[in-house]
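> Mind looking at a prediction? Sequence and model below.
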Amino acid sequence: MKRLMALLLLALFSMGTLSACNTMAGAGKDVQKAGEKVETKAEDCKDGKC
């Protein structure tokens, strides 16, 4: 019985960890897109197009 409970806890922990990785990957992509827009705007301002 203890072994079954340990396996269930391990499975739940693994699922939580994997879903958190997907969430962080999505957030990283969002931050990357925002950074690209800021970089583009900075280049435009550097050229005097603000």
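Perfect, thanks for sending it.
> can you list the weak-confidence ranges in this structure?
50 (pLDDT under 70).
> make it 80
16-22, 24, 47-50 (pLDDT under 80).
> Next, name the residue at the spatial heart of it.
In the chain, the residue lying closest to the centroid (Cα atoms, centre = their mean) is residue 24, at 2.1 Å.
> Phi, psi for that residue please.
phi -70, psi -30 (degrees, to the nearest 10).
> quick one: it and residue 18, what's the gap?
11 Å (Cβ to Cβ, to the nearest Å). Yep, even glycine has a C-beta here, placed from its N, CA and C like the rest.
> thinking in terms of the whole chain, how far from its middle is stretch 33-46?
21 Å (Cα atoms, centre = their mean, to the nearest Å).
> Just the buried positions in that stretch, please.
Neighbour counts over stretch 33-46 (16 or more other Cβ atoms under 10 Å) mark no residue as buried.
> Residue 22 - how many residues pack around it?
9 (other Cβ atoms under 10 Å).
> swap in residue 8?
10.
> Quickly find the element holding it.
helix 2-46 (DSSP states H and E).
> so residue 49, which of the three states?
coil (DSSP: H, G, I helix; E, B strand; the rest coil).
> So it versus residue 43, what's the distance?
Residue 49 is 9 Å from residue 43, by Cβ to Cβ.
> do residue 35 as well
Taken as Cβ to Cβ, the span from residue 35 to residue 43 is 13 Å.
> Tell me how far the helix holding residue 8 lies from the chain's centre.
Distance, centroid of helix 2-46 to centroid of chain: 2 Å (Cα atoms, centre = their mean).
> Same question for stretch 43-50.
31 Å.
> Please save the CA atoms from it in PDB.
Listed next in PDB are the C-alpha coordinates belonging to stretch 43-50 (Å, rounded to 0.1, in the frame of the first residue of the first chain):
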ATOM      1  CA  GLU A  43      16.000  50.800 -34.000                       C
ATOM      2  CA  ASP A  44      13.300  53.100 -35.500                       C
ATOM      3  CA  CYS A  45      14.000  55.800 -32.900                       C
ATOM      4  CA  LYS A  46      17.800  55.500 -33.500                       C
ATOM      5  CA  ASP A  47      17.200  56.300 -37.100                       C
ATOM      6  CA  GLY A  48      15.100  59.400 -36.200                       C
ATOM      7  CA  LYS A  49      11.700  57.900 -37.100                       C
ATOM      8  CA  CYS A  50      10.100  58.300 -33.700                       C
END
